[in-house]
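Student: prediction below, plus the sequence it came from.
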Amino acid sequence: MYAISLGDDGAELRPLEPWHAQEFLAHLERGREFIGRFIPFGSAVTDPVSARETLQRYADLRAADKASYHGIWLDGRLVGGVLTLNFDAAAGVCEVGCWLEPAATGRGLVTRAMRPLIDWAVEERGIHRVEWVAAAGNTASLNVARRLGMTRDGVRRQAHLYGGVRHDLELWSILAPEWREARVRTAHSDH
């Protein structure tokens, strides 16, 4: 398939496929508590069978043009990923999200992985509005939205019940013209 280099540190963005089930499970075991602080991501993945089922569900959603998983590998080891959800090319809207195990934080991996994903959504699929939804307490996730040039659209107060607590959800977005402008600015500042 593809492997997109995310820089000089050995980081790559690659498809996350059903045949990665064992690696996906090992990755979630390393980061389960950290990853699950704000969302139940991966909580149903408890063995190789459930790992494969989860990855197969996203492979099926990708085939249906509704969602997709993409893994972040660092030095050949799966450490996180980025995804699309609620992908609606006809309406020109999608949501993006991420997860990362604790050992891989603080390196800008999610921001670097999200750029080619948003580029693809906007330039190849014609997505006009890319959304980011995160719990208000998830500072790391909200900082990625900021670094990507997204605008905070608002807060859905106590919209997410998780762990017996109602969390506010922040909604952020970037529109295709804003994304293109930000990419041009980034390219010029790199020279």
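Tutor: It's in.
Student: all contacts plus neighbour counts: C-alpha atoms, from now on.
Tutor: Fine.
Student: and the closest residue to residue 11 other than its chain neighbours, what are its bridge partners?
Tutor: Nearest residue to residue 11, sequence neighbours excluded (C-alpha to C-alpha, 6 or more residues apart in numbering): residue 74, at 4.3 Å. Using DSSP bridges, the bridge partners assigned to residue 74 are residue 11, residue 77.
Student: relative to residue 112, how far out is residue 74?
Tutor: From residue 74 across to residue 112, the span is 12 Å (C-alpha to C-alpha, to the nearest Å).
Student: who touches stretch 64-78?
Tutor: Outside stretch 64-78, the residues that touch it by C-alpha atoms under 8 Å, 6 or more residues apart in numbering are 9-17, 23-24, 27, 55, 58-59, 61-62, 79-88, 109, 113.
Student: mark which of the residues you listed are buried, thanks.
Tutor: Listed as buried from those are 11-17, 23-24, 27, 55, 58-59, 61-62, 79-85, 87-88, 109, 113; burial here means 16 or more other C-alpha atoms under 10 Å.
Student: helix or strand right after whatever helix or strand residue 24 lives in?
Tutor: Take DSSP states H and E as the rule and residue 24 turns out to sit in helix 21-35. Using DSSP H and E, the next helix or strand after helix 21-35 towards the C-terminus is helix 48-63.
Student: which helix or which strand is home to residue 160?
Tutor: Element membership for residue 160 (DSSP H and E) is strand 151-162.
Student: point out where this structure drops to low pLDDT.
Tutor: Filtered on pLDDT under 70, the chain yields the residue ranges 1, 186-191.
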